[in-house]
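In: build me a structure from this.
(one chain, ligands or ions: 1)
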Amino acid sequence: MILQTINLSHRYSASWAIRDINIQIGHTGIVGLLGANGSGKSTTLNIISGTLNQTAGEVIIDGIDLRKHPEEAKKRVGFLPQQLPLYTDLTIDEYLLYSAQLRRIDKQQIRSAMEETKERCGLNHLSSRLIKNLSGGYRQRVGIAQAIIHKPKLVILDEPTNGLDPNQIIEVRKLILGIAQEHSVLLSSHILTEVNLLCKEIVMIESGRVVFSDSMESFANYAQSDSLLLRFENPPSREELLKIAGVEAVELLSPKQMRIRYSGDQAVSDRIVAASVSGNWLLREIGPDNTKLDNIFKQLSSQTAQ
Ligand SMILES: Nc1ncnc2c1ncn2[C@@H]1O[C@H](COP(=O)(O)OP(=O)(O)OP(=O)(O)O)[C@@H](O)[C@H]1O
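Out: Predicted coordinates for the structure are as follows:
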């Protein structure tokens, strides 16, 4: 297991910022930590990267307890915090040399580590450019470069595309996908589309607690599994629909169109068809509700806020 957090909890003052966060990463690829602003993503990532001490719970990196053996555990982690840790008066080469020294890379290997990292991050042609003269996208690449220069098993990226323009976002996402071929990446975002595009797995947190944790595929299924869109030529009343076994809620979208939420088995659609025939409701459309994942995000968020 590359990362395991066990009931990770943190309290800045009186109230808990995160509570019982359990994350497991066992392979390369990207795990998305999704949550609205203030939900506790940065707190979680700061703890996992060893920059903040948790109030309770454990972080195990590659089998090493981060609290008990911080140096050994941190060797295996690269971190891009939300605020870029750059020295803008340094050139890219100077900054990467400094980062490599901080990471205690062997003197003989520093040059090759720098060259390889610049190559991977598309920075070779800018080696002697001052960081303050780089665009936002390139600064982000330098931030990512310092996070991978020591070839950590786990790379943690806190909102890596935040504040970038659309073209820069595409480039940085490409870079992250490349890095994920060789490293395990834990990436935070408040944008569901981004997590959907990049990640195989998703951990969604809200108000400091995990509300969903599974594959992206299960998330999409979960998101669409429990509602149906219906359209009738001769629509029944809400009460008539609610009488059908399994139908839990009816939401009118237009006089003839509605969304129902249901629980239990999928046979609810057969029962709706049968009821339509016997009630002469003239069913014209029945199918899964392809609610945009973003709506689900809002829905999940409001569930936990209650
Ligand atoms: N240093 C701090 N002192 C006190 N409270 C804090 C501190 N840092 C964060 N918090 C609070 O902890 C909660 C979680 O914040 P955190 O920054 O982890 O969330 P986030 O999901 O990363 O949000 P954002 O994307 O806006 O940074 C918030 O309520 C925040 O106000």
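In: so this protein: which segments form each domain?
Out: The chain breaks down by automatic domain parsing into domains covering 3-221, 226-305.
In: distance to the ligand for the ones you listed - can I get that in CSV?
Out: (Each C-beta comes from the backbone N, C-alpha and C, glycine too.) Shown next, in CSV, are the domains of the chain (distance: least, CB to the nearest ligand atom, whole Å):
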stretch, distance to the ligand
domain 3-221, 3
domain 226-305, 12
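In: what are the buried residues along stretch 75-85?
Out: By neighbour count with 16 or more other CB atoms under 10 Å, stretch 75-85 contains the buried residues 75-81, 84.
In: and these, which of them are in helices?
Out: Cross-referencing these against helices under DSSP state H gives residue 75.
In: wait, which of the buried residues of stretch 75-85 is closest to residue 157?
Out: residue 80 (4.7 Å; CB to CB).
In: beta-bridge partners for that closest one, please?
Out: With DSSP bridges applied, residue 80 shows beta-bridge pairing to residue 157.
In: ok, residue 278 to residue 188 distance?
Out: Distance, residue 278 to residue 188, using CB to CB, to the nearest Å: 51 Å.
In: of these two, who's got more company?
Out: residue 188 (26 against 8; other CB atoms under 10 Å).
In: who's in contact with the helix or strand containing the more buried one?
Out: For residue 188, the host element (DSSP states H and E) is strand 184-189. Residues outside strand 184-189 that contact it (CB atoms under 8 Å, 6 or more residues apart in numbering): 2-3, 23, 25, 27-35, 41-42, 44-45, 48, 153-161, 176, 179, 195, 198-199.
In: pLDDT of it, averaged?
Out: For strand 184-189, mean pLDDT is 96.
In: with just CA atoms, put it into PDB.
Out: Extracted in PDB, the C-alpha atoms of strand 184-189 (Å, rounded to 0.1, in the frame of the first residue of the first chain):
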ATOM      1  CA  SER A 184       0.700   7.400  -7.400                       C
ATOM      2  CA  VAL A 185      -0.900  10.800  -7.500                       C
ATOM      3  CA  LEU A 186      -3.400  12.200  -5.000                       C
ATOM      4  CA  LEU A 187      -4.900  15.400  -6.500                       C
ATOM      5  CA  SER A 188      -7.400  17.700  -4.900                       C
ATOM      6  CA  SER A 189      -9.900  19.700  -6.800                       C
END
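In: need phi/psi at residue 163.
Out: phi 80, psi 0 (degrees, to the nearest 10).
In: number of residues surrounding the residue nearest to it when sequence neighbours are not counted?
Out: Spatial nearest neighbour of residue 163, excluding adjacent residues (CB to CB, 6 or more residues apart in numbering): residue 136 at 6.3 Å. If you count neighbours by other CB under 10 Å, residue 136 ends up with 15.
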